[in-house]
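>>> Coordinates only, no sequence provided:
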């Protein structure tokens, strides 16, 4: 069971990494769309988009040891929690603008509507992995 669980954890880390890297590249149209930059420049400016993809590489790089690591998945859980909270506050404060954003860029609006849910689920996943590995240490 442990070997199967470790394999699923590795796949989860790879999925999180690919979601960050490919998700940002697709939604930002290979960094050419201004939709995310305009909607939330502090998080989705050029530097922010690059950092999101860098986190994705970190998840993928951690995958081979993900079944044993404690601090890395814990840090990833906190990072995903930060993005989830940012999204929740953005939805509260700027969510009314989604209809206008959607008229100009349906994919960008779809991303803005839901990225926090995705990040929240990955936060729970990373936290569960950190707790599991800590208990096994």
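Cool, got the structure. Fair warning: this is a prediction, and the values are worked out from it, not measured in the lab.

>>> and residue 47, how many neighbours does it have?
Per other CB atoms under 10 Å, the neighbour tally for residue 47 reads 10. Heads up, the C-betas are built off the backbone N, CA and C, glycines and all.

>>> cool, and residue 95?
13.

>>> Equivalent analysis for residue 83, please.
Applying other CB under 10 Å, we find 20 residues neighbouring residue 83.

>>> give the contact list for the residue nearest to it when sequence neighbours are not counted.
Leaving aside its chain neighbours, residue 83 sits nearest to residue 119 (4.4 Å; criterion: CB to CB, 6 or more residues apart in numbering). Residues in contact with residue 119 (CB atoms under 8 Å, 6 or more residues apart in numbering) are 80-81, 83-84, 87.

>>> For the protein, which segments count as helices?
Applying DSSP state H to the chain gives helices spanning 2-27, 35-39, 41-44, 46-62, 71-94, 98-104, 106-136.

>>> Among the ones you listed, show me which one is buried the most.
Ranked by mean neighbour count, the helices of the chain are led by helix 35-39 with a mean of 19 (mean count of other CB atoms under 10 Å).

>>> residues making contact with it?
With CB under 8 Å, 6+ apart, helix 35-39 has contacts from 27-28, 44-46, 49, 90, 94, 97, 101, 104-105, 108-109, 111-112.

>>> And that helix, how far out from the chain middle?
Here helix 35-39 is found 17 Å from its chain centre; the criterion is CA atoms, centre = their mean, to the nearest Å.

>>> Take the helices of the chain and write them to a markdown table, including mean pLDDT.
Formatted as a markdown table, those follow (pLDDT from 0 to 100):
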| stretch | mean pLDDT |
| --- | --- |
| helix 2-27 | 97 |
| helix 35-39 | 97 |
| helix 41-44 | 96 |
| helix 46-62 | 98 |
| helix 71-94 | 98 |
| helix 98-104 | 97 |
| helix 106-136 | 98 |
